[in-house]
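Below: sequence and its predicted model.
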Amino acid sequence: MLHVCSLSKLPETVATTGAKSVITLINAEMNVPTPAGILPERHLSLAFNDIVSPVQGLVPASERHVQAFLSFVNSWDQQDPLVIHCWAGISRSTAGAYVAACALNPEADEHRLAKILRERSPSATPNARIVAIGDKLLGRDGRMIDAIRGIGRGANAFEGTPFVMPID
């Protein structure tokens, strides 16, 4: 299972789920230690800002970031939960969960997965840049982008509620 949460809920989410793998999607200046119970090689930390278009002084998600993300997801044995988190659990992590679900289910309908994401997380507002890069790398021909546009912006929230994104 894929579990999604904010940084503040990371230790609790890892502990309660029994996760053995973690993906951190957060700003470069944030040092996120590997949570207890996670081997360092099973903690992928990708540093970029939650922006869609380049902004001077900030780092947008790149194809290199999303490729590293996909490589890590594809190396996951799916025996124990994987936690994906960002600062608030609303944008980068929900985009990551959506991209991961699409990658792990190459035949799955993108719109169905986007609707599941919205059902599981009313506040999810997936980072459009991450979704677009994922769409390109997975050869989804714009369907991931359209599906996320279709669910619209999530409900206003300071922090997302942790949730499970199914992968089957």
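In hand now; what should we look at? Small disclaimer: the values here were computed from a predicted structure and weren't measured. Numbers count the residues shown, from 1 in each chain.

From what I see, His111 and Ala147 are in contact.
Yes. Using Cβ atoms under 8 Å, His111 makes contact with Ala147 at a distance of 4.5 Å. From N, CA and C alone the C-beta is placed, and that goes for glycine too.

tell me the phi and psi of the residue lying farthest from the centre of the chain?
Going by Cα atoms, centre = their mean, the residue of the chain most distant from its centre is Gln56, 24.1 Å out. With angles defined as degrees, to the nearest 10, Gln56 sits at phi -50, psi 130.

Quick check: which element contains the most centrally placed residue in the chain?
With distances taken as Cα atoms, centre = their mean, the residue of the chain nearest its centroid is Gly96 (2.1 Å). Gly96 belongs to helix 92-104 when assigned by DSSP states H and E.

tell me what that helix is packed against?
strand 2-6, strand 21-26, helix 63-75, strand 82-86, helix 110-120, helix 128-137, helix 143-151, strand 163-165 (3 or more Cβ pairs under 8 Å, 6 or more residues apart in numbering; DSSP states H and E).

Deepest-packed of those, please.
Most buried of those, by mean neighbour count (mean count of other Cβ atoms under 10 Å): strand 82-86, with a mean of 28.

coming back round to it: any shared contact partners between His111 and Ala147?
The overlap between the contact sets of His111 and Ala147 (Cβ atoms under 8 Å, 6 or more residues apart in numbering) is empty.

Direction included, what does whichever strand or helix holds Ser45 pair against?
In this assignment (DSSP H and E), Ser45 forms part of strand 43-47. Using DSSP bridges, strand 43-47 pairs in its sheet with strand 21-26 (parallel).
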